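Participant: this is the structure alone, sequence omitted:
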């Protein structure tokens, strides 16, 4: 069955370190998205991609970057981790205007 | 800017009750609307997708309706069970393939 997987599921890192969260989907979807979820804020869009070599900024993109070198993967990089980036991160994928599917999330703690 | 609101933020009902969760959006020019379920510490599970040309979708005990003109969607859960306890989120998709815009969810507790 097709799926979308995130790794790691849990990560603790120190302030200032570079961190990369992985997202891999086997749906063959063109569209991929990264959200963060925080109490009181709900899901907020970080970055998204509509295809290989395409990336776009979301509403909370500062301090984050993505790259899309193939259809299956959209890794999210925190250039220099900050305590404000402690959150749960979700990756999602979809085809054009169809049902979106989410990964199980990565809980990131920055100490 | 599209905004999505879900009221109430939390709801507690006894087992067996039929219930309705509400979702409203500010811009009626949506392409589709999707309902998700999220269990504590888990990801989002897609429940129903309604295209803008549709009025409702059904899956088992779940029925979602869409009224674009009034900017509203409802998720109807029949004969609720304790296993339905979760947070339910709605999200709207906009034309030209833009990312989903989410509401903050309704946390549902079904008491046995």
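Facilitator: Structure received. Quick caveat: nothing in here was measured; it's all calculated off a predicted structure.

Participant: who does the helix or strand hosting residue A:47 pair up with?
Facilitator: For residue A:47, the host element (DSSP states H and E) is strand A:42-51. Applying DSSP bridges to the sheet, strand A:42-51 is found paired with strand A:31-38 (antiparallel), strand A:54-57 (antiparallel).

Participant: isn't residue B:71 right up against residue B:29?
Facilitator: No. Because the distance of 10.2 Å does not satisfy CB atoms under 8 Å, residue B:71 is recorded as not touching residue B:29. Every C-beta, even on glycine, is put in place using the N, C-alpha and C of the backbone.

Participant: higher neighbour count, those two?
Facilitator: More neighbours sit around residue B:71 than around the other of residue B:71 and residue B:29, counting by other CB atoms under 10 Å in any protein chain shown; the figures are 19 against 11.

Participant: dump the residue contacts of the more buried one.
Facilitator: Residues counted as contacts of residue B:71 (CB atoms under 8 Å, 6 or more residues apart in numbering or on different chains) are B:24, B:25, B:26, B:27, B:28.

Participant: just say helix, strand or coil for residue B:70.
Facilitator: Assigned by DSSP: H, G, I helix; E, B strand; the rest coil, the conformation of residue B:70 is coil.

Participant: could you report the neighbour count for residue 2?
Facilitator: No chain specified, so I'll use chain A. By other CB under 10 Å, the residues close to residue A:2 number 10.

Participant: nope, chain B
Facilitator: Here the number of neighbours of residue B:2 (other CB under 10 Å) works out to 16.

Participant: can you map out the strands along chain B?
Facilitator: Counting by DSSP state E, the segments of chain B that form strands are B:4-5, B:10-14, B:19-25, B:32-38, B:44-51, B:56-59, B:62-67, B:72-77, B:86-93, B:101-102, B:106-111.

Participant: can you lay out those strands as CSV showing mean pLDDT and distance to residue A:31?
Facilitator: Rendered in CSV, the data for those read as follows (pLDDT from 0 to 100; distance: least, CB to CB, whole Å):
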stretch, mean pLDDT, distance to residue A:31
strand B:4-5, 96, 19
strand B:10-14, 96, 32
strand B:19-25, 97, 20
strand B:32-38, 95, 13
strand B:44-51, 95, 14
strand B:56-59, 95, 21
strand B:62-67, 96, 22
strand B:72-77, 97, 22
strand B:86-93, 95, 10
strand B:101-102, 92, 14
strand B:106-111, 97, 26
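
Participant: list the beta-bridge partners for the closest residue to residue B:59 other than its chain neighbours.
Facilitator: Closest residue to residue B:59 apart from its sequence neighbours, by CB to CB, 6 or more residues apart in numbering or on different chains: residue B:48 at 5.7 Å. Beta-bridge partners recorded for residue B:48 (DSSP bridges): residue B:35.

Participant: hey, what's the residue most central in space within chain A bridged with?
Facilitator: Using CA atoms, centre = their mean, the residue of chain A that lies closest to the mean C-alpha position is residue A:34, 3.3 Å off. Applying DSSP bridges to residue A:34 yields these beta-bridge partners: residue A:47, residue A:91.
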